[in-house]
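1. would you be able to build a 3D model of this:
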Amino acid sequence: MEEVMSLVSSEVFGVWFLIGAALVFWMQAGFAMVEAGFTRAKNTGNIIMKNLMDFCIGTCVFVPLGFGLLLGEDTLGGFIGKPTLAIFSDYQNFDWSNFVFNLVFCATTATIVSGAMAERTRFISYCIYSAVISAVIYPIEAHWIWGGGWLSELGFHDFAGSCAIHMVGGISAMIGAALLGPRIGKFVKNKEGKITRVNAFPGHNLALGALGVFILWLGWYGFNGAACVTVDQLGSVFVTTTVAPAVATVVTMIFTWVKYGKPDVSMSLNASLAGLVAITAPCDVTDVTGAIIIGAVSGLLVVFGVWFLDEKLRIDDPVGAVAVHMLNGIWGTIAVGLFATPSAPGNDGVVGLFYGGGFDQLGIQLLGFGAVALWTAVTISIAFILIKKTLGLRVTEEEEITGLDATEHGLASAYSGFSIMDVSNTMIVDANENTDLGTIEYAEASAAQKDAAVKVVSEAPLAPEFDSGMHKVSIICKLARFDVLKRALNDLGVTGMTMTQVMGCGIQKGSGERYRGVEVDATLLPKIKVEVIVSKIPVDKVIETAKRVLYTGHIGDGKIFVYNVSRVVKVRTGEEDYNALQDVE
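-> Just a heads-up that it's a prediction; the model follows:
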């Protein structure tokens, strides 16, 4: 009877192993939703494509190379597994379940980086990064931990991947974001080039982000629990995987409430993920007390991490991936050496410092953290630097402002049919290495070329007795040109202007994007309409200045409309006409 029950149990947990793998795969949807919701609408399609390609490209390279490096025969003293093509040559006897399980974990590692490098990364460059981390970087360090490599021989414990997956993904995310540079307008500099302010870029859909967090939390029960082999162990892992993120979220809610005056929604969502990341390594060897402490620390750590990246390191991470995955991946790895207890079901002898185990396990955990962190930092830096030197990592300034959906994928909008115009934070522009003011060739262009690129339409002059000397100049231009236009008008003496976000198309009917291979007709493109009223400043100077900074030589650079103004009244003071404009121009 015991043999029958053992066989049944083995079969049941074999099925659960694959269900757990499916739950981990489903986490890709969670990552996609979190990243899309925490970023701007104009990049949603790009975010979805990157998350999709992380899994699909990862599969393509994991089949011939990654799986062997991870779980192949141990070689080079436990450094790597021996590459194997047994999936082709001996399929009948191949370990299919282990392959699928490790594949979905590999894809998770790759996709962590997507959010940190969102909104300004070239798609082709990201695809190459994804292939490299899935084929080589992740499989080798995962072999050290799970493939019988040297760390596992020392007794290093990382049950489900705080170190092997989340810390590795988080370190890669931080290095990638640092080499890439911040999004345009994220950090405001003064004239001396010193950063004086950090701008917030709110995500366009927190409901989508919250859905992603709940999907990830559900998937995490498979992430942490799939490798369990008894009902008691599985139940204990479910408890710790529930308690730690819940405590982390409450701690973050209270902390942000006290610090900022209101409980922060997006930070609380990040905290749920931080608690899940931190409990991933010790989930099978800790008890509920340890889970509470681990969760509480991770709730504080994620808030500190977001602040530290913004205010001290000046690294732009749109979704908080570094704070969630790197910092809490490190914390979870170390927590094993502190909170592992013999009372946890299935614990095979891992005992932490606070449960009488001394410093032995803690020392091993610190060694493992240091070795994996060093491997990741060196290899991912080489990969990103090579990509940057060859293909380039970053899109151009204009592509970034327009949005990667349109410029990288020819997708007019991920929300076709909805009235969404997303130009949030594109008005706060600072020059960077991609800035091109487009003024160099203006002097060389003929008058006809200038007029074709930036057309001027003026009302007929009024008779002298009706001419007030005041004019309204209305300038319609591309989003990417707004900042240089604003600066040029300021230099001219114009200090007041009205800006309106508009959409439109001319005779060219937009830019001819394609959807499923079919050209989309009459795409409405986002534009900026800037209006100024001038009297003391000659209107011809305003026109010439606008033409000079807007000119790129392409049709659609902009249009300028000039209207006569008969009367102006300043409401606050009652001043009229010329006097009403003097502190505005």
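
2. alpha carbons only for contacts and neighbour counts from here, please
-> Will do.

3. show the average pLDDT along stretch 407-425.
-> Stretch 407-425 comes out with an average pLDDT of 72.

4. just the helices in the stretch 101-250 of the chain please.
-> Ranges of helices in the stretch 101-250 of the chain, per DSSP state H, counting those that start in this stretch, are 123-132, 138-146, 150-154, 168-180, 206-225, 231-260.

5. do the stretch 251-400 of the chain as well
-> 265-280, 288-308, 321, 328-339, 360-390, 397-402.

6. which one of these lies closest to residue 464?
-> helix 397-402 (43.5 Å; CA to CA).

7. hang on, the earlier thing: okay if I get the helices of the stretch 101-250 of the chain as JSON lines plus distance to residue 193 and mean pLDDT?
-> Listed next are those as JSON lines, based on distance: least, CA to CA, whole Å; pLDDT from 0 to 100:
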{"stretch": "helix 123-132", "distance to residue 193": "29", "mean pLDDT": "98"}
{"stretch": "helix 138-146", "distance to residue 193": "38", "mean pLDDT": "97"}
{"stretch": "helix 150-154", "distance to residue 193": "46", "mean pLDDT": "96"}
{"stretch": "helix 168-180", "distance to residue 193": "18", "mean pLDDT": "98"}
{"stretch": "helix 206-225", "distance to residue 193": "33", "mean pLDDT": "97"}
{"stretch": "helix 231-260", "distance to residue 193": "28", "mean pLDDT": "97"}
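
8. circling back: reformat the helices of the stretch 251-400 of the chain as CSV; add mean pLDDT and mean neighbour count.
-> Putting the helices of the stretch 251-400 of the chain into CSV (pLDDT from 0 to 100; neighbours: other CA atoms under 10 Å) gives the following:
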stretch, mean pLDDT, mean neighbour count
helix 265-280, 97, 28
helix 288-308, 97, 23
helix 321, 97, 29
helix 328-339, 98, 29
helix 360-390, 98, 17
helix 397-402, 89, 21
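
9. distance to residue 79 added to those, as TSV?
-> Shown next, in TSV, are the helices of the stretch 251-400 of the chain (distance: least, CA to CA, whole Å):
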stretch	distance to residue 79
helix 265-280	24
helix 288-308	31
helix 321	28
helix 328-339	20
helix 360-390	11
helix 397-402	41
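
10. most tightly surrounded among the helices of the stretch 101-250 of the chain?
-> helix 138-146 (a mean of 26; mean count of other CA atoms under 10 Å).

11. hang on, residue 87 packs against residue 94?
-> Yes. Counting by CA atoms under 8 Å, residue 87 does reach residue 94; the two are 6.0 Å apart.

12. out of those two, which sits in the more crowded spot?
-> Between residue 87 and residue 94, residue 87 has the larger neighbour count (other CA atoms under 10 Å), namely 17 against 13.

13. picking that back up, the helices of the stretch 251-400 of the chain: which one's closest to residue 492?
-> helix 397-402 (24.4 Å).

14. how far out from the middle of the chain is the closest one?
-> The chain centre lies 16 Å from the centre of helix 397-402; the measure is CA atoms, centre = their mean, to the nearest Å.

15. and what of stretch 192-207?
-> Taking mean C-alpha positions (CA atoms, centre = their mean), stretch 192-207 and its chain are 13 Å apart.

16. swap in stretch 50-68?
-> Distance, centroid of stretch 50-68 to centroid of chain: 20 Å (CA atoms, centre = their mean).

17. what residues does stretch 58-74 touch?
-> 80-85, 87, 99, 102-103, 106-107, 130-131, 134-136, 139-143, 146-149 (CA atoms under 8 Å, 6 or more residues apart in numbering).

18. can you rerun that using 6 Å?
-> For stretch 58-74, the external contacting residues (CA atoms under 6 Å, 6 or more residues apart in numbering) are 80-84, 107, 131, 134-135, 139-140, 143, 147.

19. next: stretch 274-293.
-> 158-162, 237, 240, 244-245, 248, 295, 298, 324, 328-329, 332-333, 336, 339-341, 344, 347.

20. hmm, back to that, indicate which one of the helices of the stretch 251-400 of the chain is closest to residue 51.
-> Ranking the helices of the stretch 251-400 of the chain by proximity to residue 51 (CA to CA) places helix 321 first, at 14.1 Å.
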